[in-house]
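Visitor: Got a sequence here, can you build the structure:
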Amino acid sequence: MYFGGIHADIAGWSDTSISAYVPDELPSDTYKVSVNGAGGQSAGDSTFTVNGLGTALSKTGWTAKASKLSPYATDVLANMIDDDTDTRYSSGTGQESGQWVEVDMGKAQTFNTIALDSGSGTGDYARGADVFVSSNGTKWTEVAALRSDGQQIEAVTFAPQTARYVKVVNTGSAGNW
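Guide: Numbering: from 1, shown residues only. Next comes the predicted model:
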């Protein structure tokens, strides 16, 4: 996939949508996009709107916990917040409604988007989830609901919130982790 002359790798696709890893140097705007098949043949052009996620918050001092821990030594909670796309956290079990992950950002921060990245495991995306925020880790306010379209990276946007904690509660089920 190309944004003008800038190459972008495809993260996932369906019959109705394509998601791509957008190069950092590409500002928010509407672009003419051309898609080429594996053999280089053109699959057509269209427009694509790039919505920036904004500046990522510093993750210094952040911690994570979850309702289920993986039995696999490489799928630890710290991977959830390490900014390394080659690592991941997983529960090590199929998805069930009610499973959750929680991040303590160490202090209250203002934000309006979270990104859920299911990594390279095909099918490991959340089927649905509710997003909650809290200032104390006890009283939670729901700010968004995710109804996934099966993409590897799901950006969940909501009204700006100032909170210390974020919790994502799974509302779907699947055999995938």
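
Visitor: mind checking the SS state of the spatially most central residue of the chain?
Guide: Per CA atoms, centre = their mean, the C-alpha nearest to the average position across the chain is that of residue 116, at 1.9 Å. What DSSP: H, G, I helix; E, B strand; the rest coil gives for residue 116 is strand.

Visitor: wait, it sits on residue 157?
Guide: No. Residue 116 is not in contact with residue 157 according to CB atoms under 8 Å; the separation is 12.0 Å. From N, CA and C alone the C-beta is placed, and that goes for glycine too.

Visitor: Mutual contacts of those two, please.
Guide: Residues touching both residue 116 and residue 157 by CB atoms under 8 Å, 6 or more residues apart in numbering: none at all.

Visitor: Could you measure from the residue nearest to the centre of the chain over to residue 131?
Guide: Distance from residue 116 to residue 131, counting by CB to CB, to the nearest Å: 9 Å.

Visitor: Identify the contacts common to these two.
Guide: 146, 156, 168.

Visitor: is it true that residue 81 touches residue 61?
Guide: No. Counting by CB under 8 Å, residue 81 stays clear of residue 61, with 10.2 Å between them.

Visitor: Looking at those two, which one has more neighbours?
Guide: residue 81 (15 against 9; other CB atoms under 10 Å).

Visitor: could you list every residue that touches the more buried one?
Guide: 59, 62, 63, 64, 103.

Visitor: Just the buried residues of these.
Guide: 62, 64, 103 (16 or more other CB atoms under 10 Å).

Visitor: Redo those as JSON lines? Include distance to residue 48.
Guide: Listed next are the buried ones among the contacts of residue 81 as JSON lines, based on distance: CB to CB, whole Å:
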{"residue": "62", "distance to residue 48": "32"}
{"residue": "64", "distance to residue 48": "32"}
{"residue": "103", "distance to residue 48": "30"}
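
Visitor: Relative to residue 94, which of those is nearest.
Guide: residue 64 (20.4 Å; CB to CB).

Visitor: a strand runs through the closest one, doesn't it?
Guide: Yes. Counting by three-state DSSP, residue 64 is found in a strand.

Visitor: any idea how far residue 159 is from it?
Guide: Taking CB to CB, one finds residue 64 at 24 Å from residue 159.
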